[in-house]
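the sequence and its predicted three-dimensional model are supplied below.
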Amino acid sequence: MNTTRWHQWTQWKRPTLRGSRNGKSGCICFPVILLNIFRSKVGKVGEGTYAVVYRGRDASTNRQVAIKKIKVGQFKDGLDMSAIREVKYLRELKHQNVIELLDVFSSKTNLNLVLEFLDADLEMIIKDKSVVFLPADIKAWMAMTFRGLEFCHRNWILHRDLKPNNLLIASDGMLKLADFGLARDFSDPGYKMTSQVITRWYRPPELLFGCRYYGTAVDIWSVGCIFAELMLRIPYMAGESDMDQVKTIFRALGTPTEEEWPGHKSLPDYVPVGDFPKHPIRQLFLAATNDAVDLLSKCLIYEPRRRISAKDALSHTYFFALPNPSHPSKLPKCSTVTLKPLDEVDGNVEGAGGLKVKAAQPNRLKRKLTGPDGEAGRSIARKLDFTRQTPGSPSL
Amino acid sequence: MALPTDPPPDKPARQPLYEASTQFKNWRFSPDQLAQTRGALNKAAVGAIQMTFETDEPGSSANVSFLGWEEEVTLVKLYISKIPQLCGHFRFPEEVEATAISYLKRFYLKNTVMDWHPKNVMLTALFLATKTTNHPISLEAYTTNIPRTAPSDVLDLEFLVSQSLNFEFTVWHAHRALWGIVLDVQSLQPPTDSAPIPSYPELYEQAIPHIHASRLTDAEFIYTPSQIALAAVALVEPDLASRWMEAKHVALNSKTALLSLQSTVEAIKAMITSSGSPPDVEAVREVDRRLRICKNPEKVVGSKAYLLKKAEEERKADEKRNKKAAEVQKAISDGDPFGESLGDASSGGLGLVDYDDDDDDD
């Protein structure tokens, strides 16, 4: 286990502002015992510029929890927007596919979020080349993602930062949407919002063109990218800059025509990036079923209003056709630290022993990869040539 | 609300969104509960402040006339009525205004004005509301536009306010529900007689002042946003409101629910008309004058009790720091920088590690 994942989980979007203010105390008692925080680093599982995540357990139930300690005192405008958003939405959202906020308490100048403890994320699993995905596994992850997302959308909440490492995996295999630091509610159409949201590779074209009026379709695009990534085992459209991202999308899906996406040329930041021909999406996803390809292409429709909704996606034939989705407990898990010698890439294996206690159990269901996929690292994705088949052949 | 005479309602496939909200779960009360909560809070505060007075100088609390909870409510109400003025000044949207008012009211279900003066809490509640509703402005821009207010006045209370709100920042508002009803009544069949059909944009404009008035009352603690909105419509267009209610209940096929809703709407109408206006300024001035004498001296910067309390806190913090340093020292001298194994720690005396530390790893 490396701490990079936690780093990403706790990596908040704003640069920190150093400033001082007198702290407020007044601690709400919460029965959590942190495991040796200050005497060792075992309890500490990750640190970003903004928050530190500790592992602890609830003394009354013995349940493991993650405690995200947000440093508040350093912001000159008080409680930071990301923290407020995360607390605000997680307080309301209770769903099996959304990370559970168990409690919030404050201590001096810190805000502490007590979250359910989740030991892995989808990015770790995608990157772990020793794990093979079956089509049924991908279907299970997609179903859980759509369920969680449909719940958010039903509650008028946009996530705005969906990507594999914000989809956390519980020890029982359940997938949960996490990191609501960029989330916001929406209700009235015609309400201006920022287009600077969603991690680039998962950002829909309308946001890349600076669209300020949008809705649930932005999250659906991200889910489409994640779906493709699960099948390819590498990020599907990995642009190097925002401009390059547009180009990458057009190269993959063909430059949209005015009929396909009416009005896109009038978006604030529209710039023509060239005419790329359209290839049937199936060319790249050779092993995928027709249903899978159909759902994927409905998530990646250029015109946001025609993109499939989370609700409709859940009743798509893909989810009813065979194979049935894997039961969460049967889903592949990350291999253990000892089995994963590539960790030096991330450079940090601190806390490994303490953290992966659970995952270190031998996983009977793990399937060893036999294909020549091992070399397809993330960097290859950037050179993905959409006119040919990919180097890392789809393992679906 | 359904009575036994009703046909058993079909089990709803899903819980209504509103019923999953923290507002529904944690911020609904009966009028009696509200009175009890406020009474108990007030009593506890008076007791504690009396103690402080007596410790400071025995016999000194005898002649102090402490505020009753009704007087506290009146004072808070005055500051609720100031929020719309401030919002007008900043041109904040309605959502900010409504949210700030809810925060202020909720705060005083957990705190008393004798500890925290509503003037300051109001400023913090409004600033917090700008952030929780996605209309953030910089603290500097905020405070420079409010006379005699320093950034610390706002920030110092932000944590306390958030905590009193239980970090439940989402508020469901009656003005949103009103918008929904105004849209929905347009789908009603027009009445058979030749009654004039109301103009809908005007309906909203005429009903919204009643929503504003309802914010000065306890309505939002007792009723749902849509009930309040319906009452506001009923105050403007009673016939339209009853036709809409009936149409909705035809679908439900429930006479008792209709009757119960009608009496709820009447109760809200009465509440809005009777207590939906700002309090008499003279009366509040009198309350505020007495508050100056009976407020908690521990919260008055510079007072004897305040200094005592600070010193006590300082002493405790020192104690904690020393204890922690000693433990670290021990761990190092034990030779293992990671301390003993987890099992020992959690079963032994060291398990209760202070999570209140903000100076170790920042």
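Nice, thanks for sending it over. All figures in this text were calculated on a predicted structure; none of them were measured in a lab.

how much space between the residue nearest to A:K88 when sequence neighbours are not counted and B:R38?
Excluding its sequence neighbours, the residue lying closest to A:K88 (Cβ to Cβ, 6 or more residues apart in numbering or on different chains) is B:F169, at 4.1 Å. Bear in mind the C-beta positions are built from the backbone N, C-alpha and C, glycine included. The gap separating B:F169 from B:R38 is 23 Å, by Cβ to Cβ, to the nearest Å.

hmm, back to that, pLDDT score assigned to the residue nearest to A:K88?
For B:F169, the pLDDT comes out at 96.

B:L34 too?
95.

next: the one 3 residues further on.
What the model reports for B:T37 is a pLDDT of 95.

and for the one 3 residues further on?
Model confidence at B:A40, given as pLDDT, is 95.

name the element it belongs to?
Using DSSP states H and E, B:A40 falls within helix B:31-56.

next SSE after that helix?
helix B:69-90.

mind listing what's buried along stretch B:37-48?
The neighbour-count check on stretch B:37-48 (16 or more other Cβ atoms under 10 Å in any protein chain shown) flags B:37-38, B:41-42, B:45-46 as buried.

CA atoms only: put stretch B:305-321 into PDB for me.
C-alpha atoms of stretch B:305-321 as PDB (Å, rounded to 0.1, in the frame of the first residue of the first chain):
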ATOM      1  CA  ALA B 305     -14.400  35.700  34.800                       C
ATOM      2  CA  TYR B 306     -13.200  35.700  31.200                       C
ATOM      3  CA  LEU B 307      -9.500  35.900  32.300                       C
ATOM      4  CA  LEU B 308     -10.100  33.200  34.900                       C
ATOM      5  CA  LYS B 309     -11.600  30.900  32.300                       C
ATOM      6  CA  LYS B 310      -8.800  31.600  29.800                       C
ATOM      7  CA  ALA B 311      -6.200  30.800  32.500                       C
ATOM      8  CA  GLU B 312      -7.900  27.600  33.300                       C
ATOM      9  CA  GLU B 313      -8.000  26.600  29.600                       C
ATOM     10  CA  GLU B 314      -4.400  27.500  29.200                       C
ATOM     11  CA  ARG B 315      -3.500  25.400  32.200                       C
ATOM     12  CA  LYS B 316      -5.300  22.400  30.800                       C
ATOM     13  CA  ALA B 317      -3.700  22.800  27.400                       C
ATOM     14  CA  ASP B 318      -0.300  22.900  29.000                       C
ATOM     15  CA  GLU B 319      -1.000  19.800  31.000                       C
ATOM     16  CA  LYS B 320      -2.000  18.000  27.800                       C
ATOM     17  CA  ARG B 321       1.000  19.200  25.900                       C
END
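
what's the neighbour count on the residue of the stretch 1-150 of chain B found nearest chain A?
When scored by Cβ to the nearest Cβ, the stretch 1-150 of chain B has B:L139 as its residue closest to chain A, at 4.7 Å. Counted with other Cβ atoms under 10 Å in any protein chain shown, the neighbours of B:L139 add up to 20.

quick check: it touching A:K76?
Yes: shown here, B:L139 and A:K76 form a contact pair, counting by Cβ atoms under 8 Å, at 6.4 Å.

what is in contact with these two at once?
Taking Cβ atoms under 8 Å, 6 or more residues apart in numbering or on different chains as the criterion, B:L139 and A:K76 both touch B:P151.

would you turn the buried residues of stretch B:37-48 into a markdown table with distance to A:L158?
Output for these, formatted as a markdown table (distance: Cβ to Cβ, whole Å):
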| residue | distance to A:L158 |
| --- | --- |
| B:T37 | 36 |
| B:R38 | 38 |
| B:L41 | 38 |
| B:N42 | 42 |
| B:A45 | 42 |
| B:V46 | 47 |
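
helices and strands of chain B: which one has the lowest mean pLDDT?
Using mean pLDDT, DSSP states H and E, helix B:342-347 stands out as the lowest-scoring helix or strand of chain B, at a mean of 43.

distance of B:V284 relative to B:R290?
11 Å.

of the two, who's got more company?
Per other Cβ under 10 Å, whichever of B:V284 and B:R290 has more neighbours is B:V284, with 20 against 16.

in contact with B:T170, which residues?
By Cβ under 8 Å, 6+ apart, the contact list for B:T170 reads A:88-89, A:91-92, B:21-23, B:132.

where are the low-confidence patches of the stretch 251-396 of chain A?
In the predicted model of the stretch 251-396 of chain A, residues A:336-396 satisfy pLDDT under 70.

low-confidence stretches in the stretch 201-350 of chain B?
Applying pLDDT under 70 to the stretch 201-350 of chain B flags the ranges B:301-302, B:331-350.

repeat that for 90
For the stretch 201-350 of chain B, the stretches with pLDDT under 90 are B:201-202, B:239-240, B:243, B:246-260, B:280-283, B:286, B:288-350.

what residues are up against A:A136?
Taking Cβ under 8 Å, 6+ apart, one finds A:323-326 in contact with A:A136.

mind listing what A:Y191 touches?
A:Y213.

that one: which element?
Using DSSP H and E, A:Y191 falls outside every helix and strand.

distance of the closest residue to B:K119 other than its chain neighbours from B:H212?
Distances taken as Cβ to Cβ, 6+ apart put B:Y79 closest to B:K119, at 6.2 Å, once the chain neighbours are dropped. To B:H212, B:Y79 is 15 Å away according to Cβ to Cβ.

around chain B, pick out the residues from the stretch 151-300 of chain A.
When proximity is defined by Cβ under 8 Å from any Cβ of the partner chain, the stretch 151-300 of chain A lies next to chain B at A:154-155, A:184-185, A:187.

can you mark which positions in stretch A:136-145 are buried?
By 16+ other Cβ under 10 Å, the buried positions in stretch A:136-145 come out as A:137-145.

quick one: mean pLDDT for it?
96.

follow-up on the earlier one: neighbour count winner among B:Y79 and B:H212?
Neighbours were counted for B:Y79 and for B:H212 using other Cβ under 10 Å; B:Y79 has more, 22 against 19.

quick one: pLDDT of that one?
pLDDT, B:Y79: 95.

tell me who's in contact with it.
For B:Y79, the contact set (Cβ under 8 Å, 6+ apart) comprises B:104, B:118-119, B:121-122.

and stretch B:154-162, how far apart are its ends?
End-to-end span of stretch B:154-162 (Cα to Cα, to the nearest Å): 12 Å.

same check on stretch A:90-102?
First-to-last residue span, stretch A:90-102, Cα to Cα: 9 Å.

dump the contacts of B:T170 into CSV; add pLDDT and secondary structure as well.
Below are those laid out as CSV (pLDDT from 0 to 100; DSSP: H, G, I helix; E, B strand; the rest coil):
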residue, pLDDT, secondary structure
A:K88, 94, helix
A:Y89, 95, helix
A:R91, 94, helix
A:E92, 94, helix
B:S21, 93, coil
B:T22, 94, helix
B:Q23, 95, helix
B:T132, 94, helix
